[in-house]
Each structure stands twice: as C-alpha cells, then as structure tokens.
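> below is the sequence, then the predicted model.
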Amino acid sequence: MARARRTTRSGSPDRSPSVERAAASGRSGSSDGSGTSAGERRLAPLASNERFRARIVAAAALSLSLVASTLAVGMIGYHWIESLSWLDSFHQAALLLSGMGPVITVATAAGKLFDGIYALFCGVALFAVTGILLAPFVHRVLHRFHIEDAGQQ
C-alpha cells in the first residue's frame with residue numbers, strides 16, 4: 001500500500017516545517033555546507049562508499065575511545081580501592097566490560113560499591129558501543145529502503 005506524499009506550504013515534498021524554516025533562513029544544519037546534519041536527507045542518494053567508510057572509521061574510533069576510557073576507569077578504581085595489581089585490575093575490569101562477569105571477590109565495602117556501580121556502567125557501555133558500531137550500517141540499510149520506497153510511488 002503506497003503512502004501519499006506529504007507536501008508543505010512551499011510545495012516541496014517530505015520537508016517538515018522546521019526544515020522549511022531552516023531552508024528559508026539559509027541554515028542548512030551542517031558546517032560543511034552539504035545540507036545534512038547527521039546523514040542524508042530522506043530521499044537524497046546514498047552517500048558515496050568513501051563517505052560510508054569514513055562514517056565506519058569514525059564510529060569505530062568513538063567506540064574504541066569509549067571502551068578504552070571505561071577500561072581505564074575500572075583499572076584505576078580496582079587498583080586504588082581494592083589494592084589490586086595493575087594486571088589484576090585490568091583483568092577484572094576487562095571481564096566486566098566484556099560482559100563475562102567478575103573474577104576476583106571484592107573484600108571491602110568501598111570495593112563492593114565500586115564493583116556494583118562499575119558493573120552497571122559496563123552493561124550500559126556495552127550496549128552503547130554496540131549501537132555506535134552498528135549505526136552506520138543500519139543507517140545505510142534504512143536509507144536505501146527509503147530511496148527504494150520513494151522510487152515505487
């Protein structure tokens with residue numbers, strides 16, 4: 001079942017009022033002048049393979065920095081609070097971050113509090129990193145569907 005195309009006051013299809021106001025005021029939403037803020041417009045052609053690869057590299061770099069900083073926080077916390085060696089701190093933090101669970105039994109009350117908070121944070125970080133890594137691929141697939149859907153109307 002085909003969807004009717006929406007038109008705005010200016011007669012242009014598929015543009016929200018906020019996009020219309022930005023276009024009227026000369027703001028494109030992007031610093032590079034391409035007219036895009038997070039990606040292509042709904043019916044714009046797919047980004048080039050070079051731009052797609054750049055998005056994958058940017059997502060991987062952001063994910064790697066998030067993993068490294070989360071691992072560093074865990075290592076420092078276990079080293080200072082539980083007096084674990086740097087190697088044991090790395091091992092404990094890495095296994096929690098990967099979703100495997102703790103290895104060492106925490107002895108102090110402060111260590112248990114840190115362990116619980118860090119474990120919860122690691123769960124959120126694991127989902128965030130997965131989402132960041134998958135975002136360019138999901139975006140490209142969904143954008144391709146929008147283009148194909150528009151071509152059938």
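Looks like it arrived, so ask away.

> contacts for stretch 60-78?
Stretch 60-78 is contacted from outside by 84, 86, 88-90, 92-94, 96-97, 111, 114, 118, 121-122, 125, 128-129, 132-133, using CB atoms under 8 Å, 6 or more residues apart in numbering. In this view, the C-beta of every residue, glycine as well, is placed from N, C-alpha and C.

> kindly recompute the last result at 6 Å.
With contacts defined as CB atoms under 6 Å, 6 or more residues apart in numbering, stretch 60-78 is touched by Leu84, Ser89, Phe90, Gln92, Ala93, Leu97, Phe114, Tyr118, Ala125, Val129, Ile132, Leu133.

> now His91, nearest residue through space, not along the chain?
With sequence-adjacent residues excluded and distances taken as CB to CB, 6 or more residues apart in numbering, His91 is closest to Val103, at 6.1 Å.

> wait, a strand at the one you found?
No. The assignment for Val103, made by DSSP: H, G, I helix; E, B strand; the rest coil, is coil rather than a strand.

> just the buried subset of the contacts of stretch 60-78, written out for ChimeraX, thanks.
Those of the contacts of stretch 60-78 that count as buried under 16 or more other CB atoms under 10 Å are selected in ChimeraX with:
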select :84,89,90,92,93,97,114,118,125,129,132
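
> nothing else from me, thank you.
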